[in-house]
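> when you get a sec, could you give me coordinates for this:
(chains A and B)
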Amino acid sequence: MTATAARPTASTVASRASFAGLLRSEWTKLRSVRSTGWSLGLLALLYPSFTALLVGLTIAAWDDTAASDRELIVGDPTTVILGSGFLISQPAICVLGVMVIASEYSTGMIRASLLAKPRRLSMLAAKGMVLSLVVLAVSLVAAFVSFFIGAAMLSERVEASLGDPGALRAVVGTGLYLAMLSLFSLAIGAIVRRTAAGITGVIMFVLVLAPLVQLLPGKFGEYAHAYLPTEAGILIGQATQQEGSLLTPWQGFGVFGLWTAALLALAAFLLNRRDA
Amino acid sequence: MIEAKNLTKRYGDKVAVRDLSFTVGPGRVTGFLGPNGAGKSTTMRLLLGLDHPDRGTATIDGKRYRELTTPLATVGALLEAKAVHPGRTAYNHLLCLAQSQGIGKKRVSEVLDLVGLREVAHKRTGGFSLGMGQRLGLAAALLGDPAVLVLDEPVNGLDPEGILWVRTFMRQLAAEGRTVFVSSHLMNEMAVTAEHLIIIGRGSLIADCPTQEFIERGKKQTVLVRSPNAEELAEAITRAGGTVTRNDDNELSVEEMDATRIGEIASAGGHVLHEVVPQRGTLEEAFMALTRESVEYAGTGATQDADAPKSGGEAR
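Okay, here's the model as predicted:
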């Protein structure tokens, strides 16, 4: 304790507010917890593995496959390849998206985050940007690797290449879909603020409820199903459209984008309004 | 400089803070006292922009917390509840906070050294003891070298050595000219740490004064007098304006008169004095006396007399 110490009116540590700094901060948060590695590692591992497994089974059962089914595969090999490992890997992204925000609430970290960045919307924006870019990068790698593995395995029956109509868009689109799904999950996580409830909710919706809607009878069921976020969004990951599809791939992705934007807007509104 | 003006906060139909106004000045440790449930943490959360007040404003150097662009360089805060992800290392926890304000990595290492956590910097915080967690919280509070510190129960869970460390540290920060605002429900801890006290009970202000003044206000100064001429002496003191209680044949308790005056009266009357002992009130007693009516969660067996439990509120 020194009586001569100067009375500080300002901090002696250099500091500067910038969005780039916030992005760095969120990147540090993302890379420094184990759940990120697990989720993205599972995606990178499961997607190509299941593609190999399911395409392998398809080849093995080729002689017993009905002619009409063979026709479907020959007609759109890209969708068959990308679709095989897809269902199993997308829950990893749902979990990651919810965890990124909900775990801050469950651990109390959110208080430290908001003390550092009381302008809460910038914090959410930086979080969303870092999350979606990282998911996009990993998903693109996983989708391309899966495609090449699947194409190589299918080559004795049918040629699949990135040059096929819609093939490249579908591979890239799979990455885009998963990146959007991470934002969709982030929004749900921010609204619910509980990891277990958020994860269960998103996965139940994506894997069970949304696909079930197509069982609803008549035009209503058809339309309702077509405009559901994930059901519309996944169109961009399919090389060719099904006959009578209500939306084009990019329209479908746009619908998914609008849903996500609406949920993020609600999440932002609640984040600003609620006590942390 | 911290300024709260007419702060009011409700949770449902329960009023946590009621029309609370006070200022906290620089260069000294200001204790924020109150029994458990008095609204201390809520007030701090309002100051720090975590919760929104229903009415009133809280400002730090004239600005609301939300208006601060690099808040960690202005205000350092330690919250009572843990605010770390247990899976993250201490270093990465501080790094992500520093990066959000453009504070360099060097400063992260500096504060880790400052609180003595260098050895465990790369360990996940989930395995930290309560004391290490408090040190990490203090490190986070000091990251931006702020002029204002808001600390919620910083000695909670610390061992005696840790308590001494925090106490010395807070005084040193105040001596450097910083504003140090620290909450506690432990009166005696504040008696040795804080120079100024802000005391609340049930969300309302009870006292805002120097620690010494509070002790005296809370308990009237009593002087214990022992004399073989107790009866005559009692009459003399009463005539001079003191209030006397006879304890036994040789002993008196005198109020509203100090020991010096009693000595003079005894001398003037030729009374023999064996003992004249001023009974100094402790902060604990003063606090108990002042907040007795406003204790939120009293034990069911609590008595209303002076033998009531010595702690301000039940430890959790």
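> got a pLDDT number for whichever residue of the stretch 151-276 of chain A sits closest to chain B?
Of all residues in the stretch 151-276 of chain A, A:D275 sits closest to chain B, at 4.0 Å by C-beta to the nearest C-beta. Heads up, the C-betas are built off the backbone N, CA and C, glycines and all. Note for A:D275: predicted pLDDT of 92.
> so it makes contact with B:H52?
Yes. A:D275 lies in contact with B:H52 (C-beta atoms under 8 Å); the separation is 6.4 Å.
> quickly note the distance from the residue of the stretch 151-276 of chain A closest to chain B to B:T260.
55 Å (C-beta to C-beta, to the nearest Å).
> and A:A14, what pLDDT?
86.
> what is the neighbour count of residue 210?
Since no chain was named, I'll use chain A. Residues near A:A210, counting by other C-beta atoms under 10 Å in any protein chain shown, number 19.
> not quite, I wanted chain B
If we define neighbours as other C-beta under 10 Å, then B:P210 has 13 of them.
> low-confidence ranges, the stretch 1-150 of chain A, go.
A:1-10 (pLDDT under 70).
> who touches residue 15 in this structure?
Unless you meant another one, I'm taking chain A. B:T70, B:L72, B:A73, B:Q101, B:G102, B:I103, B:G144 (C-beta atoms under 8 Å, 6 or more residues apart in numbering or on different chains).
> hm, I was asking about chain B
B:T8, B:K9, B:G203.
> buried sites along the one helix or strand it maps to?
Taking DSSP states H and E as the definition, one finds B:V15 inside strand B:14-24. For strand B:14-24, the neighbour count (16 or more other C-beta atoms under 10 Å in any protein chain shown) marks B:V15, B:A16, B:V17, B:R18, B:L20, B:F22, B:V24 as buried.
> A:A52: which of these is nearest?
Using C-beta to C-beta, B:A16 comes nearest to A:A52 of the buried residues of strand B:14-24, at 58.7 Å.
> look up how far A:D63 lies from that closest one.
Taking C-beta to C-beta, one finds B:A16 at 74 Å from A:D63.
> coming back round to it: and the contacts of B:V15, which is closest to A:A116?
B:K9 (22.8 Å).
> check contacts around A:G75.
A:T240.
> what packs against the helix of greatest length in chain A?
For chain A, the longest helix by residue count, based on DSSP state H, is helix A:120-154. Counting contacts by 3 or more C-beta pairs under 8 Å, 6 or more residues apart in numbering or on different chains; DSSP states H and E, helix A:120-154 packs against helix A:19-31, helix A:34-60, helix A:77-107, helix A:109-116, helix A:167-192, helix A:249-273.
> is any part of the third one close to chain B?
Yes. Where contact is defined by C-beta under 8 Å from any C-beta of the partner chain, part of helix A:77-107 touches chain B, namely A:S103, A:E104, A:T107.
> buried ones in that helix?
A:77-86, A:88-105, A:107.
> pLDDT value on the residue in the stretch 101-250 of chain B that chain A sits nearest to, please?
Distances between the stretch 101-250 of chain B and chain A by C-beta to the nearest C-beta are smallest at B:G177, namely 3.0 Å. For B:G177, the model assigns a pLDDT of 94.
> ok, now B:D305?
Predicted confidence (pLDDT) for B:D305: 39.
> by neighbour count, which of the contacts of B:V15 wins?
So for these (other C-beta under 10 Å), the most neighbours sit at B:G203, 25 neighbours.
> need the single longest helix in chain B, by residues.
Scanning chain B for the longest helix, with DSSP H as the assignment, gives helix B:160-175.
> is any residue of that helix near chain A?
Yes. Applying C-beta under 8 Å from any C-beta, one finds helix B:160-175 in contact with chain A at B:R171, B:Q172, B:A175.
> setting aside sequence neighbours, what's the nearest residue to B:V182?
Among residues not flanking B:V182 along the chain, B:L151 sits closest, at 4.5 Å (C-beta to C-beta, 6 or more residues apart in numbering or on different chains).
> mind checking how far the nearest residue to A:L186 once chain neighbours are set aside is from B:R66?
Leaving aside its chain neighbours, A:L186 sits nearest to A:G97 (4.5 Å; criterion: C-beta to C-beta, 6+ apart). Counting by C-beta to C-beta, the gap from A:G97 to B:R66 is 27 Å.
> how many neighbouring residues does B:D54 have?
14.
> ugh, wrong one, A:F220
With other C-beta under 10 Å as criterion, A:F220 counts 10.
> just give me the neighbour total for the closest residue to B:K40 other than its chain neighbours.
Sequence neighbours aside, B:S183 is the residue nearest to B:K40 in space, at 4.3 Å (criterion: C-beta to C-beta, 6+ apart). For B:S183, the neighbour count with other C-beta under 10 Å is 24.
> distance from the chain centre to the helix or strand harbouring B:S183, please.
Under the criterion of DSSP H and E, B:S183 resides in strand B:179-184. Averaged C-alpha coordinates place strand B:179-184 at 7 Å from its chain's average position (C-alpha atoms, centre = their mean, to the nearest Å).
> quick one: strands adjacent to that strand?
Within its sheet, strand B:179-184 is paired with strand B:28-33 (parallel), strand B:148-152 (parallel), according to DSSP bridges.
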